[in-house]
Structures are given as structure tokens and as C-alpha cells.
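1. Sequence and predicted structure are below.
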Amino acid sequence: SGELIRSDHLERRFQIRVDRDDSQERSVWDLPVDATMLPYGAIYYQGAPAALQDIPLGTHLRGLFYLKDPKGKSPLPTGPHNNRQTPDADFRRCFRLEDDFTFHARQKQSWKIESVDLATNRFSATLQQEGKPVGQPKTFDLLTSTRVLKETGFVNLKSLAPGQTVLFNLTWATLYGPGRILEIWLDEPSRQLATAHQLERHRNHIRQRG
């Protein structure tokens, strides 16, 4: 998993800046994986099929990858800082890619807001699996540009309240802890509308381009 930092829609290639974890040395933090979608690979965004061009740069994504072809002779892409490579650099063949919205919705997960502090633009939330808490609360950052969706429209950050069950997409998740919120959906109607809109976008793409 990591942030989308580059994509080539026509070639179905992309780079993600890999999430930090305890297994990594500081010298390889935030280095990218350069990957290609396999011909049968599936991309999902906001709960519906998608193309790479549908996903904004900076969106935090989760994927399933195979190792590179053992017979392949193509070198790894040139990396920054004396060509350092992430330990995950060989995972270059992707067969599933999805945003956090899709990842959690597919597993019947959601986030329950525990507290909101608009003075510091932060809120804490606990992951829920079918209504039961999973792990400890996490703190996320809000942006003045965070899109808050409710029912069939937009609302402001003041609509966030403890006890709400939400889904959201993140950005800067690798550089700034759990991440900053790009979009947050406050209820089921807003989530269903987002999925329906993305599904029609994908259908139009297929009809127009084959």
C-alpha cells in the first residue's frame, strides 16, 4: 500500500510511495514501487471498477502484487538518493488496486468517529468490522479542502460529529502518520451515490473506447 505518485493510463503503469512500517530502515522510507497492471488486473475506485486515469495523484491505494517475472531482464527503475530501492521493489506485477473507500467497504468495515477537534483540524476514529471495534483509535488530519459528503450533497467540516460511521480516502499517508483526509462520506446514501457515479464513469469509458 502507498500513495499514487505517478501513473501512465495508456500503458497501465504506476508508482506508489510505499507506506512506512516497522520492518523498514529509515534509509528506505518513502521510496516508490514501479508497477504494471497485469492484463487481467482489476482497478477499483470508490467501490466501482475504474481506470488509472480516474484516480487522482496523491490518493492512498492498496494493492495485491506478484513478484517480477523471474525470467525478466529489465532493470529496476532508477531510484532517488544514490539509486536506493525499497525492499518491495521486486513486487512489480499488480493484479488488484483499490482506494481505501473500496478496501474497507469490500470487507464490510467502516470508521467510527470518537472525537473531532476543528481548532486543530484533527479527529480520531476506530476501525469497525461489522459493528465491532478493531484495534485502537487512530488520529487523522483534516484539510480546509477536505470534501465532506452527506446524502446527495456537500456539507462543511462542522457536520463531523462523534458517533458517526464514515468512510474516507487519504493522502500524504506515508509522510504524515495515518494520513490526511481527501474525502469523507458521512452516510450510506452518499457512499452509494459515489459508487454509482464511478460505475457510470467506467461504463462510459468502456463504451467510448472499447
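-> Now that the structure is in, tell me what you want to look at. Numbers count the residues shown, from 1 in each chain.

2. so who does Gly2 touch?
-> 16-19, 32-33, 60-61, 173-174 (CB atoms under 8 Å, 6 or more residues apart in numbering). Where you see a C-beta, it was placed from the backbone N, CA and C, and this is true even at glycine.

3. How about the contacts made by Asp69?
-> Arg93.

4. On the pLDDT front, check Gly79 for me.
-> Model confidence at Gly79, given as pLDDT, is 62.

5. brain fart, Ala194
-> At Ala194, the predicted lDDT confidence score is 97.

6. tell me the SS of it?
-> Look at Ala194: counting by DSSP: H, G, I helix; E, B strand; the rest coil, its state is helix.

7. same question, Ala161
-> Under three-state DSSP, Ala161 comes out as coil.

8. Make sure it is actually in contact with Ser115.
-> No. With contact defined as CB atoms under 8 Å, Ala161 does not count as touching Ser115 (9.7 Å).

9. sorry, back to before: which one of the contacts of Gly2 is nearest Thr126?
-> Ala173 (17.5 Å; CB to CB).

10. Could you count how many residues lie near Arg13?
-> 16 (other CB atoms under 10 Å).

11. Which strand residues bridge it?
-> Taking DSSP bridges, one finds Asp8, Thr36 as the beta-bridge partners of Arg13.

12. In a helix, Thr126, correct?
-> No. Looking at Thr126 with three-state DSSP, it is strand, so not inside a helix.

13. which residues does it bridge with?
-> Lys112.

14. Mind pulling the model confidence for it?
-> 97.

15. what residues are up against it?
-> 111-112, 114, 133-138.

16. What of Asn121?
-> Counting by CB under 8 Å, 6+ apart, Asn121 has contacts 141-144, 157.

17. For it, give its distance to Thr171.
-> Note on Asn121: its distance to Thr171, by CB to CB, to the nearest Å, is 14 Å.

18. Can you report how many residues lie near Lys112?
-> By other CB under 10 Å, 17 other residues sit near Lys112.

19. didn't it look like it was pressed against Gly163?
-> Yes. Using CB under 8 Å, Lys112 makes contact with Gly163 at a distance of 7.1 Å.

20. Show me where the chain has its helices.
-> 80-83, 100-106, 188-209 (DSSP state H).

21. okay if I get the ones you listed as a markdown table plus mean neighbour count and distance to Lys73?
-> As requested, the helices of the chain are arranged in a markdown table below (neighbours: other CB atoms under 10 Å; distance: least, CB to CB, whole Å):
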| stretch | mean neighbour count | distance to Lys73 |
| --- | --- | --- |
| helix 80-83 | 8 | 18 |
| helix 100-106 | 21 | 34 |
| helix 188-209 | 14 | 32 |
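
22. Which among those is found nearest to Asp54?
-> Per CB to CB, nearest to Asp54 of the helices of the chain: helix 188-209, 6.4 Å.

23. Could you name the helices and strands sitting against that closest one?
-> If contacts are counted by 3 or more CB pairs under 8 Å, 6 or more residues apart in numbering; DSSP states H and E, helix 188-209 sits against strand 48-49, helix 100-106, strand 147-150.

24. of all the ones you listed, which lies closest to Gly179?
-> Minimum separation from Gly179 across these (CB to CB) falls at helix 100-106, 8.6 Å.

25. Rounded mean pLDDT for that closest one, please.
-> In the prediction, helix 100-106 has an average pLDDT of 97.
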